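Participant: One predicted model, sequence on top.
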Amino acid sequence: MNNDFFAEKAADYDTLKSRTDNVDAIALGIIKSNVFEKHMHIMEFGSGTGLLLSNVAPHVAKITAVDISPSMNSMLISKKNLLECKLEILEIDITKQAITEKFDGIISSMTIHHIEDVAALFRTFYNLLNTNGFIAIADLDTEDGSFHTTDTGVHHFGFNRDEFIAKAKAAGFNNLTIDTVSLIEKPTGNYSVFLLTGRK
Ligand SMILES: C[S@@+](CC[C@H](N)C(=O)[O-])C[C@H]1O[C@@H](n2cnc3c(N)ncnc32)[C@H](O)[C@@H]1O
């Protein structure tokens, strides 16, 4: 992303109930998958205003929030003191800039459809994880393009689950499972959301 696609959206981002309900359902799905341990340092990719990581914070020691959008990051900064774990914010694009830290897990919600080369992203995630580290990634199932009504830098109209899981497998992940975690109801239609989990 060259521009801050979320500049117009950030201030009101958390006010849409269908959005917060969706991220709450994703967080519950990840928590129920039993990937978290209290000592862990995890990364959230595309952390936005922090809807997902706010739910996850009580379950880990530290979260590194990675997001390219200054406006979304400023919303997250305003919540920092309320979070129940340590928080580090990296305003970078990890498809272009390297991170030297390693993580116990990587979580992501509704962000991968903004990334052009998903296979390369999975390889990056694999290299960023400690041995046995996990991924827990939620995004849209294939949709007809009606989900986004404004241009926020979308590269994929959701994903075919078999193709998505194959990219994670090709990057080296194992114990991969993918299940429905949420259904978003919008005036333009209903959109199902999957959660993929796997291990390095
Ligand atoms: C649809 S929002 C989702 C935010 C949050 N995960 C949630 O579910 O509420 C997608 C986020 O991904 C971020 N993003 C998109 N491409 C990115 C990239 N290449 N690197 C880092 N963040 C990116 C955007 O800035 C935005 O905050």
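Facilitator: Great, that's in hand.

Participant: So which bits of stretch 5-14 are buried?
Facilitator: F5, F6, K9, A10, Y13, D14 (16 or more other Cβ atoms under 10 Å). No exception for glycine: its C-beta is placed from N, CA and C like everyone else's.

Participant: With respect to the ligand, which of those is nearest?
Facilitator: Closest approach between the buried residues of stretch 5-14 and the ligand, by Cβ to the nearest ligand atom: F6, at 5.0 Å.

Participant: need the contact list for K80.
Facilitator: If a contact means Cβ atoms under 8 Å, 6 or more residues apart in numbering, then K80 has L87 as its contacts.

Participant: Phi first, then psi, for it.
Facilitator: phi -50, psi -40 (degrees, to the nearest 10).

Participant: still on that earlier bit, mind telling me the two of the buried residues of stretch 5-14 farthest from one another?
Facilitator: For the buried residues of stretch 5-14, the farthest-apart pair by Cβ to Cβ is F5 and D14; their separation is 17.1 Å.

Participant: Tell me the residues on this protein that lie near the ligand, please.
Facilitator: 1, 6, 23, 46-48, 51-52, 66-69, 72, 93-95, 109-111, 114-115 (Cβ under 6 Å from any ligand atom).

Participant: List buried members of the residues you listed by neighbour count.
Facilitator: Applying 16+ other Cβ under 10 Å to the residues of the chain next to the ligand flags 6, 23, 46-48, 51-52, 66-69, 72, 94, 109-111, 114-115 as buried.

Participant: In strands, which of the residues you listed fall?
Facilitator: Among these, the members falling in strands are V66, S109 (criterion: DSSP state E).
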